[in-house]
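Undergrad: Below are the sequence and a predicted model; questions follow.
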Amino acid sequence: MNKVAVIILNWNGASLLRRYLPSVVANTPPELATVVVADNGSTDDSLDVLRNEFPGVEVIVLDKNYGFAEGYNRAIAAVDSPLTVLLNSDVRTPAGWLEPLVDYMDAHPHVGAAQPKLLHDGEPQGREVFEYAGAAGGYLDCHGYPYCRGRVFDAVEEDHGQYDGEAQPIFWASGACLMVRTAVYRDVGGLDTAFFAHMEEIDLCWRIQLAGHAIAMVPTSRVYHLGGASLPQGNPRKTYLNFRNNLLMLHKNLPAAEGKRFLVVRRLMDTLAIVMAVLKWHWGDARAIVRAHRDFRRMRDNYQPTATINLLQQSPQGRINIVTAYYLRRRQRYTDLGL
């Protein structure tokens, strides 16, 4: 049994496997980690590509597309390594990407999950830009909207080492490259399968913290993420999942009485988001937000909130109003927020 299982979830991604899997295989020390591809019911030639071009990679064949959350749950149920990395199929890993994460987790047993510095793949040579999906570690603001060191809403920074140095505590780590203690993942119930995709890693990290573990970003590790391989920014389906799952996550993980008050404010703010979408003629996004709220009301009774503390109020990052800071005060970089 290797110490780490690096699990890539694939669905009809033969071209991505050819483009990105070679770097994972080449730069993941075989004495430390096993590379596993969990195929989520692909109908393209993914399995032939794995069989013929990557014979050393372990393959878990799932019978259909279970989505990101359930697909990973099923894959992690099949491994026995103490540490697991959830790695997107469009992530390029340079030499030395894995060891700093393992070393950090070994030295900090209270940490349940961690991410590397996440940079965008495909930039011109010499230009390093953070990747939208997690940048240098994520937070939630006072209304539950996610933002990152290196990315606030759509404003993504170049990396000039401004978030290097010591590893930092964060609220959520990106699912694009997420190292987690396998036992902790299982103990908190894994990814919420009702989410299908989007926000599921933030919900997982919240539950990991409620269970008494910390989340960290380790800047001495870095990977390069293409992003948008499943649903690109601006896709109404992505808008729907982000809004619905964010509401479900807040309902699940806030104390019940506080969560009710919290969600009243969120409904008002999301109404403003609908108005903004209409004014921009983004009718698909407007309809997606309305549908997200409708389905949230239908799904919320499936959860019984058990949290006794509001973790958002435990740090300055969770007390800031990122909407006001970004749109009214024009503070569009994390370093401008004064945190």
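TA: Received it, and whenever you're ready, just let me know what you need.

Undergrad: and the strand or helix carrying Ser23, what other elements does it pack with?
TA: Assessed by DSSP states H and E, Ser23 sits inside helix 14-27. Contact here means 3 or more CB pairs under 8 Å, 6 or more residues apart in numbering; DSSP states H and E; on that basis helix 14-27 packs against strand 4-10, strand 33-40, helix 46-53, strand 91-92. In this view, the C-beta of every residue, glycine as well, is placed from N, C-alpha and C.

Undergrad: Residue ranges of each domain in this structure, please.
TA: For the chain, automatic domain parsing gives the domain ranges 4-225, 236-337.

Undergrad: Quick one: residues in contact with stretch 158-169.
TA: 104, 108, 114, 117, 119, 127-130, 136-137, 149-150, 214-220, 315, 334-335 (CB atoms under 8 Å, 6 or more residues apart in numbering).

Undergrad: Sort out which of those are in helices and list them.
TA: Secondary structure defined by DSSP state H assigns Tyr104 of these to helices.

Undergrad: got the helices and strands packed on helix 14-27 as JSON lines, with distance to Arg207 columns?
TA: Formatted as JSON lines, the helices and strands packed on helix 14-27 follow (distance: least, CB to CB, whole Å):
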{"stretch": "strand 4-10", "distance to Arg207": "19"}
{"stretch": "strand 33-40", "distance to Arg207": "22"}
{"stretch": "helix 46-53", "distance to Arg207": "31"}
{"stretch": "strand 91-92", "distance to Arg207": "24"}
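
Undergrad: could you dump the ones you listed to CSV with mean pLDDT?
TA: Putting those into CSV (pLDDT from 0 to 100) gives the following:
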stretch, mean pLDDT
strand 4-10, 98
strand 33-40, 98
helix 46-53, 97
strand 91-92, 98
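
Undergrad: For these, could you give me a markdown table that also reports distance to Trp283 and mean neighbour count?
TA: What follows is those, written out as a markdown table (distance: least, CB to CB, whole Å; neighbours: other CB atoms under 10 Å):
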| stretch | distance to Trp283 | mean neighbour count |
| --- | --- | --- |
| strand 4-10 | 32 | 25 |
| strand 33-40 | 31 | 22 |
| helix 46-53 | 35 | 16 |
| strand 91-92 | 33 | 24 |
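
Undergrad: Which of the ones you listed sits closest to Tyr185?
TA: Checking these against Tyr185 by CB to CB gives strand 4-10 as the closest, at 10.9 Å.

Undergrad: which secondary structure elements does the closest one contact?
TA: Packed against strand 4-10 by the contact rule (3+ CB pairs under 8 Å, 6+ apart) you find helix 14-27, strand 33-40, helix 67-76, strand 83-87.

Undergrad: try 10 Å this time
TA: helix 14-27, strand 33-40, helix 46-53, strand 58-62, helix 67-76, strand 83-87, helix 99-107, strand 177-181 (3 or more CB pairs under 10 Å, 6 or more residues apart in numbering; DSSP states H and E).

Undergrad: Between helix 46-53 and the fourth one, find me the angle.
TA: In this structure, strand 58-62 runs at an angle of 160 degrees to helix 46-53, with axes from the mean of the first three to the mean of the last three CA atoms, to 10 degrees as the basis.

Undergrad: mind listing what's buried in strand 58-62?
TA: Along strand 58-62, these residues count as buried under the neighbour rule (16 or more other CB atoms under 10 Å): 58, 60, 62.

Undergrad: Perfect, that will be all.
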